[in-house]
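Here's a sequence, model it:
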Amino acid sequence: MSSPAPEPRVPSKELYEILVAHARWRQNPSEGQQADLAGRDLQRMVFVSHEFAEAKVSGADFRDSTITPEQAVTTNGWLLARWSPAVLDKLGLPTNHNDRVEKNNFVGTYSVAPA
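Below you'll find the model as predicted:
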């Protein structure tokens with residue numbers, strides 16, 4: 001018998017406030033603050049109409065979240081974040097990309113060519 005799929009997650013109040021401040025910053029850089037999501041565990045996170053352009057995401061884990069490939073490539077550091085298999089495919093990243101990010105190992109052929 002297989003175990004049930006993990007439940008989707010909603011952003012915490014802290015994360016919600018970071019994303020709201022980021023949206024304000026995107027509209028007017030003298031207001032709000034650029035989102036720093038680097039290294040955060042955002043797996044299974046359900047994002048509803050959030051702005052990710054220019055957010056710092058190096059090391060973040062977006063596996064099974066609702067962020068789209070189109071949103072992903074607008075972030076800073078997207079190549080160093082972890083993504084779901086479908087997003088990896090759309091971004092043209094190799095299937096072992098998440099392992100490479102976790103090990104910080106990008107030795108050898110590693111080309112990015114979005115599909």
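
From here on, just use CA atoms for contacts and neighbour counts.
Noted.

wait, isn't residue 53 in contact with residue 77?
No: using CA atoms under 8 Å, residue 53 makes no contact with residue 77, being 10.9 Å away.

could you say what helices and strands the lengthiest helix in the chain packs with?
When the chain is parsed with DSSP state H, its longest helix is helix 13-27. Using 3 or more CA pairs under 8 Å, 6 or more residues apart in numbering; DSSP states H and E as the contact test, no helix or strand touches helix 13-27.

what's that helix in contact with?
Residues outside helix 13-27 that contact it (CA atoms under 8 Å, 6 or more residues apart in numbering) are 31, 32, 33, 34, 35, 36, 50, 51, 52, 53, 55.

repeat that for 10 Å
Residues from elsewhere that reach helix 13-27, judged by CA atoms under 10 Å, 6 or more residues apart in numbering: 10-12, 28-37, 40, 42, 47, 50-55.

just the buried members of those?
32-37, 42, 47, 51-55 (16 or more other CA atoms under 10 Å).

Which two among the residues you listed are spaced furthest apart?
Distances among the buried ones among the contacts of helix 13-27 were taken as CA to CA; the most separated pair is 32 and 42, at 21.5 Å.

Can you list the residue ranges for helices in this structure?
Under DSSP H, the chain gives helices at 13-27, 69-72, 85-91, 97-103.

So what's the gap between stretch 48-59 and the chain middle?
Relative to its chain's centre, stretch 48-59 lies at 7 Å (CA atoms, centre = their mean, to the nearest Å).

Show the average pLDDT along it.
The predicted model assigns stretch 48-59 a mean pLDDT of 90.

Residues in contact with that stretch: which ones?
For stretch 48-59, contacts defined as CA under 10 Å, 6+ apart pick out 10-11, 16, 19-20, 22-24, 26, 33-41, 66-67, 70-82, 98, 101-102, 104.

8 Å instead?
Contacts of stretch 48-59 (CA under 8 Å, 6+ apart): 19-20, 22-23, 26, 34-40, 71-72, 74-82, 101-102.

and residue 96, how many neighbours does it have?
10 (other CA atoms under 10 Å).
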